[in-house]
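Engineer: starting from these lines, generate the structure:
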Amino acid sequence: MSDERAQEALRALPQVDRLVRDIGELATVGPVVARWLVRREIDAARERVLAGADPGDIPAAVRSAVNGLSLARLRKVINATGVVLHTNLGRAPLDAAARDAILAAADATPLEMDPVSGERAARAPVAPTLVAALLDTEDAMIVNNNAAALLLALGALARGGEVIVSRGELIEIGGAFRLPDVMAASGARLREVGTTNRTRLRDYTDAIGEHTRLILKVHPSNYRIVGFTEEPPLSDLVWAAREAGVPLLFDIGSGLLRPEEDVLADEPDGATAIAAGCDLVCFSGDKLLGGPQAGILAGRADLIERCRRDPVARAVRADKLSLAALEATLWAYARGEADGLPVRRMLAATREQLAARARTLTDAVPEAEIIDGESVVGGGSVPGHALPTVLVSLRTDRPERLAAALRTQEPPVFARVEAGRVLIDLRTVHPTDDATLREALARAR
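Structural biologist: As a prediction, this is how the structure comes out:
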């Protein structure tokens, strides 16, 4: 584009006030956001002109931005992907008790107040107390996620010293966050031992020295190393830590409180780790525990107190809504009602139960058929294990378009697209949403 044409195109760019007035969709976002969106699109058009390109359709870009804000807002969606703990869809759905607890805590609540004395008290003590009781350990504390729990423990217990970790456990979690980077941020120094596939007890004991502050064991919850492998039993690590007089922290990751069977049989749990002699365990609240996003540290009271008093503790503490939901989730375990949690129901659903629901769905949707398939746990949990399921398969010439149409329903429906088909897995759909799902499928088609 010539300089003269560029100047002409720049002069032709619309005024902010005119676009705010003329684009009716902007009334839904309020005047401040409206002007910001319009200015942003005009600035982008100006950059395109200066780069020699066409300015584009600015009103259309503004309308698209408004629509994008509406679609991206946090609201209920139907997870029909078959991924039980879908990280991008918020992981564990909460049960009715946890939702009620959030609503109650949204008002004034005794977050750091003793209702009896009227004096300031420890922050939300119920959840830590329930964790300690359920794991049969001395103390616990709650932070905003498991990465924060690990960061806090490393800093409080090993800042300036060395932490011994097997090379086979140097994990990377979602978003490219790596254990060595978390270690560096905590101020502790990483001491790698063993190899990727084989680490022996002697590797740990040979590495222990005057600068050792902590031995860290990490459950690789989002991958598996198979074949020619070796790792020392947990009891050996407990012995090594006690001989050296340093704490042993076990990051069990996915959040099982007690041993489970079937698909979860290989997952470590907090109670077993504590009973085996681990000084601390940490894990997530929004994975297999089935609660809100949270990080949980539990174990020796003196170590928990050091973590509680560390300056980082305030920066990573959980908010009142998460604490309220976690309390309700933990009460379900304490009262023997955990099987009613949504995550537990999804994992326990049988193929026969899912097939019965699928038949009802296909009766109302032309050209749908039922096929065998697999669900996964997801959320960086139980890698390599699949859950037999049935899928409602929708044949279409344009599967991506049908899937997109489902995602723009109200509520949005997220499905899988594989081999030219749109697949619906009812394992991750609450039965009360089946009717809504049928209506969404009819509209989308």
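Engineer: give me the mean pLDDT for the longest helix along the chain.
Structural biologist: Determined from DSSP state H, the single longest helix within the chain is helix 31-50. For helix 31-50, the per-residue pLDDT values average out at 95.
Engineer: just stretch 10-17 next, same as before
Structural biologist: Rounded to a whole number, the mean pLDDT of stretch 10-17 is 91.
Engineer: OK, contacts around Gly378?
Structural biologist: By CB atoms under 8 Å, 6 or more residues apart in numbering, Gly378 lies in contact with Val83, Val84, Leu85, His86, Thr87. C-beta here means a position set from N, CA and C on the backbone, and glycine is covered the same way.
Engineer: that one and Gly291, how far apart?
Structural biologist: Distance of Gly378 to Gly291, given as CB to CB, to the nearest Å: 16 Å.
Engineer: before we move on, what about Ile58?
Structural biologist: Using CB to CB, one gets 45 Å for the distance from Ile58 to Gly291.
Engineer: neighbour count winner among the two?
Structural biologist: Summary of the neighbour comparison: Ile58 and Gly291, criterion other CB atoms under 10 Å, with Gly291 having more neighbours (29 against 17).
Engineer: my read: the more buried one touches Leu94, true?
Structural biologist: Yes. The pair Gly291 and Leu94 passes the contact test of CB atoms under 8 Å, sitting 7.1 Å apart.
Engineer: now list whatever residues contact both of the two.
Structural biologist: Overlap of the contact sets of Gly291 and Leu94 (by CB under 8 Å, 6+ apart) consists of Ala325, Ala328, Thr329.
Engineer: doesn't Leu103 make contact with the second one?
Structural biologist: No. The pair Ala328 / Leu103 is not scored as a contact, 11.0 Å apart, by CB under 8 Å.
Engineer: what about the two, which has more around it?
Structural biologist: Of the pair Ala328 and Leu103, Ala328 is the one with more neighbours under other CB under 10 Å, namely 25 against 10.
Engineer: which SSE is that one in?
Structural biologist: Assigning secondary structure by DSSP states H and E places Ala328 in helix 320-334.
Engineer: same thing with Ala271?
Structural biologist: Short version, using DSSP H and E: Ala271 is in helix 270-276.
Engineer: identify the residues contacting that helix?
Structural biologist: 134-137, 234-235, 238, 250, 252, 256-259, 281, 283, 296, 298-299.
Engineer: pull the contacting residues for the spatially closest residue to Asp310 that is not a sequence neighbour.
Structural biologist: Nearest residue to Asp310, sequence neighbours excluded (CB to CB, 6 or more residues apart in numbering): Ala156, at 3.9 Å. Residues touching Ala156, when contacts are defined by CB under 8 Å, 6+ apart, comprise Arg306, Cys307, Arg309, Asp310, Val312, Ala313.
Engineer: can you give me the strands in the stretch 1-150 of the chain?
Structural biologist: Read by DSSP state E, counting those that start in this stretch, the stretch 1-150 of the chain holds these strands, from start to end of the chain: 78-79, 83-85, 139-143.
Engineer: check which helices and strands the second one sits against.
Structural biologist: For strand 83-85, the helices and strands in contact under the criterion 3 or more CB pairs under 8 Å, 6 or more residues apart in numbering; DSSP states H and E are helix 342-348, strand 368-378.
Engineer: what strands flank that strand, and is each parallel or antiparallel?
Structural biologist: Strands flanking strand 83-85 in the sheet, each with its direction: strand 368-378 (parallel) (DSSP bridges).
Engineer: now do the strand it pairs with: distance to the chain's middle.
Structural biologist: For strand 368-378, the distance from its own C-alpha centre to the chain's C-alpha centre is 22 Å (CA atoms, centre = their mean, to the nearest Å).
Engineer: cool, stretch 299-310 as well?
Structural biologist: The answer for stretch 299-310 is 25 Å, by CA atoms, centre = their mean.
Engineer: over to stretch 263-278?
Structural biologist: Worked out by CA atoms, centre = their mean, stretch 263-278 lies 21 Å from the chain centre.
Engineer: buried sites along that stretch?
Structural biologist: Neighbour counts using 16 or more other CB atoms under 10 Å place Val263, Leu264, Glu267, Pro268, Asp269, Gly270, Ala271, Thr272, Ala273, Ile274, Cys278 of stretch 263-278 among the buried residues.
Engineer: list phi and psi for the nearest residue to the last one once chain neighbours are set aside.
Structural biologist: Pointing back at Cys278 there. Nearest non-adjacent residue to Cys278, counting by CB to CB, 6+ apart: Phe250, 4.5 Å away. Per-residue torsions, Phe250: phi -110, psi 110 (degrees, to the nearest 10).
Engineer: ok, Pro93 next?
Structural biologist: In this entry, Pro93 is assigned phi and psi values of phi -70, psi 150 (degrees, to the nearest 10).
Engineer: run a quick neighbour tally on it.
Structural biologist: Here the number of neighbours of Pro93 (other CB under 10 Å) works out to 22.
Engineer: could you do Ala53 as well?
Structural biologist: The local packing count at Ala53 equals 13, with neighbours defined by other CB under 10 Å.
Engineer: so for it, what's the pLDDT?
Structural biologist: Looking at Ala53 specifically, the model assigns a pLDDT of 89.
Engineer: separation between it and Val62?
Structural biologist: Applying CB to CB, one obtains 18 Å for the distance of Ala53 from Val62.
Engineer: which of the contacts of Gly378 sits closest to Leu347?
Structural biologist: Ranked by distance to Leu347 (CB to CB), these are led by Val84 at 6.3 Å.
Engineer: please look at the closest one and Gly379 and confirm they touch.
Structural biologist: Yes. The pair Val84 and Gly379 qualifies as a contact (CB under 8 Å) at a distance of 7.4 Å.
Engineer: between the two, who's got more neighbours?
Structural biologist: Under the criterion of other CB under 10 Å, the comparison of Val84 against Gly379 puts Val84 first, with 30 against 24.
Engineer: let me see the contact set for that one.
Structural biologist: Applying CB under 8 Å, 6+ apart to Val84 gives the contacts Val343, Met346, Leu347, Ser375, Val376, Val377, Gly378, Gly379, Leu387, Arg427, Thr428.
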